[in-house]
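1. what would the 3D arrangement of this be:
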Amino acid sequence: MKEVAAHLRAEAVAIFRAAIRAVDPAELVARYLSSQAARGHMCVPTLVIGAGKAAARMAAGCEAVLGPADLRGEVIVADGCGVPLHSIHVSEAGHPLPDVRGEQATLRVIESLRTHGTGGLVCLISGGASSLMVCPRAPVDLQDKIATTRLLLECGADIHAFNTVRKHLSQVKGGGLLRQARTRMLTLVISDVIGDDPSTIGSGPTATDDTTFADAWAVFTRYKLTSRVPASVAELVQAGIAGRVPETVKSNTAEAALCRNVIIGSNRTALEGAAAAARARGRVVHIEDQPLSGDTTLAAQQFAARVRQLIAGRRSDKPLCILAGGETTVHVVGGGRGGRNQEFALVMAPALAEESVTILSAGTDGIDGPTDAAGAFVDGTTLRRARERGLDVDAALHTNDSYTFFSRLGDLFRCGPTATNVMDIKIALLSAGGTATS
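-> Numbering: from 1, shown residues only. Sure thing, here's the model as predicted:
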């Protein structure tokens, strides 16, 4: 029944919002700094720097605990993620492609580090920092960096490959901020990567890096980009391989001891928040232990099979909630619009045809690809409703046009930027007794 479908969607949205509240950047930072202040571990006045979709809200947590009068600094966020602050300047910049605003704001961050005297130094890093904090190494310039980023996006490079390249084209990534600061700092990190590795989050501006220029060239080779990247990029990487350009910061260097990186929030934090909300609604909750990763199509097929398996193996008539998190990669071959969550949902439509389940696949940042949607809903009626409207799942997948597909069905999920980012979550809801969704 339509009423059941609408109810399940509303419930999925409520559970999603609970997940977002669990990773509220201001609360996560305030909680950590309060515990440190109680132990006498904080030093004020303090310089606050940072970048990422959550950086402004994280800075708000700093102001709430340490007091704006004793703070100064600069954080860089994606468009729409800024919030008003008292003493910390917020700059908005381009994402996922870097732009001149990000470059100019990064130069201000570097200048503040170079002129910083006594007092504390706090760095705030969250997902999106890789694009937002941009300062290319010569001879690479911003346009070369943008062109390389676009090539990596289009070829479907995974986050490790992406960051391997970005670190070696940058003055601030791969521990580069440690070289700029030359003093001890505390970095608070909200993770948007599987494994919560500080060297991967935001391309690790205050973390050591185990990759090399040779690894960066290997990425170009793997994705057949060696003849397509800008000449300046090839020149820099080859110079690094030859030892004419310094490597990124390694673990055996003096800079490595300058920073303590602390993970204060992650995808798991969001999933636990979602689980608590689902249980409060009387649902039996199952959280998938293995994060979703790799190719979006394969991951979606596997998750759909897992959902069907859990539905078939239910031992209770109580309503069920299945949760999963992670981040997959779409290999773009068509000219349509969409994002990995919309494509993930679209792949599941045939596999879940006529199943009594409603699924929301959404990005915790509220943004899915270059669209105004965070993701999409899919249920047992999606395939049938699509056919009734003359929509073809295979055609939409072939052109990577999941946005148009779900827009015509009215199944897009829009919530706007959330000012946080801990990858994606999937919320699958089955009503008590397996009531059909349509």
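2. how about Val90, secondary structure?
-> At Val90, secondary structure determined by DSSP: H, G, I helix; E, B strand; the rest coil is strand.
3. what's the spacing between it and Thr118?
-> 25 Å (C-beta to C-beta, to the nearest Å). Placement of C-beta: from N, CA and C, glycine included.
4. out of these two, which sits in the more crowded spot?
-> Between Val90 and Thr118, counted using other C-beta atoms under 10 Å, Val90 has the larger neighbour count: 19 against 7.
5. for Glu343, give me its contacts.
-> Glu343 makes contact with Thr296, Thr297, Ala300, Val330, Leu397, Asn400, Ser402, according to C-beta atoms under 8 Å, 6 or more residues apart in numbering.
6. give me the phi and psi for it.
-> phi -70, psi -40 (degrees, to the nearest 10).
7. thinking again about what came up before, what is the nearest of the contacts of Glu343 to Asp70?
-> Val330 (44.7 Å; C-beta to C-beta).
8. so the closest one touches Asn400, yeah?
-> Yes - if you go by C-beta atoms under 8 Å, Val330 and Asn400 touch, sitting 6.8 Å apart.
9. now do the shared contacts for these two.
-> Gly338, Glu343.
10. ranges for the helices of the stretch 251-400 of the chain?
-> 267-280, 296-312, 340-351, 382-388, 393-398 (DSSP state H, counting those that start in this stretch).
11. pick the most buried one from the ones you listed.
-> helix 340-351 (a mean of 27; mean count of other C-beta atoms under 10 Å).
12. next, the angle from that one to helix 296-312.
-> Helix 340-351 and helix 296-312 meet at an angle of 50 degrees, taking axes from the mean of the first three to the mean of the last three C-alpha atoms, to 10 degrees as the criterion.
13. can I get helix 340-351 as PDB, trimmed to CA atoms?
-> Extracted in PDB, the C-alpha atoms of helix 340-351 (Å, rounded to 0.1, in the frame of the first residue of the first chain):
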ATOM      1  CA  ARG A 340      27.300   6.900  -6.400                       C
ATOM      2  CA  ASN A 341      24.300   6.600  -4.000                       C
ATOM      3  CA  GLN A 342      21.700   7.100  -6.800                       C
ATOM      4  CA  GLU A 343      23.600   4.600  -9.000                       C
ATOM      5  CA  PHE A 344      23.800   2.200  -6.100                       C
ATOM      6  CA  ALA A 345      20.000   2.400  -5.600                       C
ATOM      7  CA  LEU A 346      19.400   2.000  -9.300                       C
ATOM      8  CA  VAL A 347      21.500  -1.200  -9.500                       C
ATOM      9  CA  MET A 348      19.400  -2.700  -6.700                       C
ATOM     10  CA  ALA A 349      16.000  -2.100  -8.400                       C
ATOM     11  CA  PRO A 350      15.900  -5.300 -10.500                       C
ATOM     12  CA  ALA A 351      17.400  -7.400  -7.700                       C
END
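14. what distance separates that helix from the centre of its chain?
-> Taking C-alpha atoms, centre = their mean, to the nearest Å, one finds the center of helix 340-351 at 19 Å from the center of the full chain.
15. try stretch 183-191
-> 18 Å.
16. same question for stretch 60-67.
-> Centre-to-centre, stretch 60-67 and its host chain are 24 Å apart (C-alpha atoms, centre = their mean).
17. mind listing what's buried along that stretch?
-> Ala60, Gly61, Cys62, Glu63, Val65, Leu66 (16 or more other C-beta atoms under 10 Å).
18. now distance to Val109 too, for these, in JSON lines please.
-> Formatted as JSON lines, the buried residues of stretch 60-67 follow (distance: C-beta to C-beta, whole Å):
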{"residue": "Ala60", "distance to Val109": "18"}
{"residue": "Gly61", "distance to Val109": "19"}
{"residue": "Cys62", "distance to Val109": "15"}
{"residue": "Glu63", "distance to Val109": "18"}
{"residue": "Val65", "distance to Val109": "21"}
{"residue": "Leu66", "distance to Val109": "19"}
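19. among those, which lie within helices?
-> With helices taken from DSSP state H, the overlap with the buried residues of stretch 60-67 comprises Ala60, Gly61, Cys62, Glu63, Val65, Leu66.
20. break this structure into its domains for me.
-> Segmentation of the chain into domains, based on automatic domain parsing, reads 2-20+268-433, 25-135+170-211+248-265.
21. of all these, which lies closest to Ala157?
-> domain 2-20+268-433 (7.6 Å).
22. so which of the buried residues of stretch 60-67 comes closest to Pro84?
-> Distances from Pro84 to the buried residues of stretch 60-67, taken by C-beta to C-beta, are shortest for Ala60, at 8.7 Å.
23. His86 is in contact with that closest one, correct?
-> No - in terms of C-beta under 8 Å, Ala60 does not count as a neighbour of His86; the distance is 9.1 Å.
24. relative to Arg114, which of the helices of the stretch 251-400 of the chain is closest?
-> Using C-beta to C-beta, those put helix 267-280 closest to Arg114, at 34.4 Å.
25. how far away from the center of its chain is that closest one?
-> With C-alpha atoms, centre = their mean, you get 18 Å for helix 267-280.
26. list the contacts of that helix.
-> Outside helix 267-280, the residues touching it (C-beta under 8 Å, 6+ apart) are 14-16, 18-23, 28, 191-192, 194, 285, 287, 291, 321, 323-326, 364, 422-423, 425, 427.
27. quick check on those residues: which are buried?
-> Judged by 16+ other C-beta under 10 Å, buried ones among the contacts of helix 267-280: 15-16, 18-20, 22-23, 28, 191-192, 194, 285, 291, 321, 323-326, 364, 422-423, 425, 427.
28. among those, which are located in strands?
-> Val285, Cys321, Leu323, Ala324, Gly325, Gly326, Ile425, Ile427 (DSSP state E).
29. list the contacts for Glu92?
-> Applying C-beta under 8 Å, 6+ apart, the residues near Glu92 are Ile76, Val77, Ala78, Asp79, Gly80, Cys81, Gly82, Arg101.
30. near Glu255, how many other residues are there?
-> There are 19 residues near Glu255, going by other C-beta under 10 Å.
31. would you check how far apart it and Ala312 are?
-> 54 Å.
32. with Gly176 instead?
-> For Gly176 relative to Ala312 (C-beta to C-beta), the value is 51 Å.
33. swap in Leu121?
-> 54 Å.
34. likewise for Ile425?
-> Taking C-beta to C-beta, one finds Ile425 at 23 Å from Ala312.
35. what's the answer for Asp401, then?
-> From Asp401 to Ala312 the distance is 32 Å (C-beta to C-beta).
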